[in-house]
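Asker: Build me a structure from this.
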Amino acid sequence: MLDLVGPERVDADPVTVFAVPTTAGTGSEVTRFCVLSDTDSGRKVSISSMRVLPRLALLDPELTTGLPAHLTAATGFDALAHAVESYGSVWNNPVSEGHARNAVALIGRHLRTAVERPENLEARMGMLAASCIAELAANSTRLGLAHALAVPLGAAHHIPHGVAVALMLPGMCAFNEEAEPERYRELAGLLTPGASRMSEAVDALRSDVGLTTRLRDWHVAETDFAPVVEVALASDNTRANPRVADAGDLTGLLRAAA
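Answerer: As a prediction, the model looks like this:
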C-alpha cells in the first residue's frame, strides 16, 4: 500500500466502490484521498488518485441517527473544517467556493440540532449534505493549517480526527482573519447569522456541541510540539493556507489549543 502513497500513483482501476456513509463528516464517499496509518513511521499518509473515487454515493440520513452525540459533533467539525479551509485555500476557485459557502451555512443550521436531537432527519440530512459538499470543495483545493496540524496530532497522540480538527480550527481562523478579514467575516455570517468573527463563531459552536477538550487533556505537552510542527510544515495543507505560516506560527497555534 505504501507504494501508492502520494499523488496519482494508482495505475489500475480498483474494484468499483458504492459508498454509503454512516457519519457526516469526512465526505469519504466523494473523495480522491485514502488516509492510512503508517505504523512504522507513526504518521498518517495519503493515497491521492481520481481512480479511487467511489462510483456512486448514497446519502441516507436514517443511517446516521444512531451516531452518538460526541461522534456527531466531532465528524461535523471535520466537515466544517473542510469547508472553511477550502474556502480560504490559495487554490480556491468559484466552484469550490460555492460548495464551501453552502456547507458552512448547512452546518450552522443543522449541527447543533443533530447533536441534541439525533432522530431529527432534517438535521441529519443537512449534515450529510454538508459533509458531501464540503469534500467536493476540498478535493480540488486541499485544506489549511487546522488539518495540517490535526493529522500529525491524531497519528502521534491518538486524538480522534474530528476532535483534533476542532481543537485547531478556531486558532487557524483567528490567524487567517488577520490576512483576509472580509472573507472570514462573510463565512462567520453564514455559520452564525450576525457574527462578525469566524474564530469566535467556530469557538461558540464547538462549545455548544461539547467539544471542549484541550491538548493537555490528550496528554500533549509543549515538548511534543516540534515533531507535529515538522510534519505540518511538509504538508500540502500548509501550502494551501491563505496566510504563510512558519514553524513559530504553527507552534503558536498549538500553544493556543493547549
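Asker: Report all helices and strands that the host helix or strand of Ala232 contacts.
Answerer: Element membership of Ala232, judged by DSSP states H and E, is helix 225-233. Other helices and strands packing on helix 225-233, by 3 or more Cβ pairs under 8 Å, 6 or more residues apart in numbering; DSSP states H and E, are helix 145-157, helix 247-256. From N, CA and C alone the C-beta is placed, and that goes for glycine too.
Asker: what ranges do the strands span in the protein?
Answerer: 6-7, 18-19, 33-38, 43-48, 56-57 (DSSP state E).
Asker: Including mean pLDDT, distance to Val163 and mean neighbour count, could those strands go into TSV?
Answerer: TSV is the format used below for the strands of the chain (pLDDT from 0 to 100; distance: least, Cβ to Cβ, whole Å; neighbours: other Cβ atoms under 10 Å):
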stretch	mean pLDDT	distance to Val163	mean neighbour count
strand 6-7	81	27	12
strand 18-19	94	23	14
strand 33-38	81	16	15
strand 43-48	81	15	18
strand 56-57	94	25	14
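Asker: Which one, of these, ends up nearest to Gly88?
Answerer: Closest of these to Gly88 is strand 33-38, at 18.7 Å (criterion: Cβ to Cβ).
Asker: what pairs with the closest one, and is each one parallel or antiparallel?
Answerer: Strand 33-38 has the following strand partners under DSSP bridges: strand 43-48 (antiparallel).
Asker: now the angle between helix 225-233 and the strand it pairs with, please.
Answerer: If you take axes from the mean of the first three to the mean of the last three Cα atoms, to 10 degrees, strand 43-48 sits at 10 degrees to helix 225-233.
Asker: sorry, back to before: would you list the helices and strands packed on helix 225-233 in CSV and tack on mean pLDDT and mean neighbour count?
Answerer: As requested, the helices and strands packed on helix 225-233 are exported to CSV (pLDDT from 0 to 100; neighbours: other Cβ atoms under 10 Å):
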stretch, mean pLDDT, mean neighbour count
helix 145-157, 92, 25
helix 247-256, 95, 17
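Asker: got those as CSV, with distance to Leu190 columns?
Answerer: Converted to CSV, these look like this (distance: least, Cβ to Cβ, whole Å):
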stretch, distance to Leu190
helix 145-157, 18
helix 247-256, 23
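Asker: follow-up on the earlier one: send over the helix holding Ala232 as PDB, restricted to the C-alpha atoms.
Answerer: C-alpha atoms of helix 225-233 as PDB (Å, rounded to 0.1, in the frame of the first residue of the first chain):
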ATOM      1  CA  PHE A 225       5.000  20.200  19.600                       C
ATOM      2  CA  ALA A 226       8.200  20.100  17.500                       C
ATOM      3  CA  PRO A 227       7.600  16.800  15.700                       C
ATOM      4  CA  VAL A 228       4.000  17.800  15.000                       C
ATOM      5  CA  VAL A 229       5.100  21.100  13.500                       C
ATOM      6  CA  GLU A 230       7.800  19.300  11.400                       C
ATOM      7  CA  VAL A 231       5.100  17.100   9.800                       C
ATOM      8  CA  ALA A 232       2.700  20.100   9.300                       C
ATOM      9  CA  LEU A 233       5.400  22.200   7.600                       C
END
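Asker: what's that helix in contact with?
Answerer: 43, 145, 148-149, 151-153, 155-156, 238, 246-247, 250-251, 254-255 (Cβ atoms under 8 Å, 6 or more residues apart in numbering).
Asker: Great, nothing more from me.
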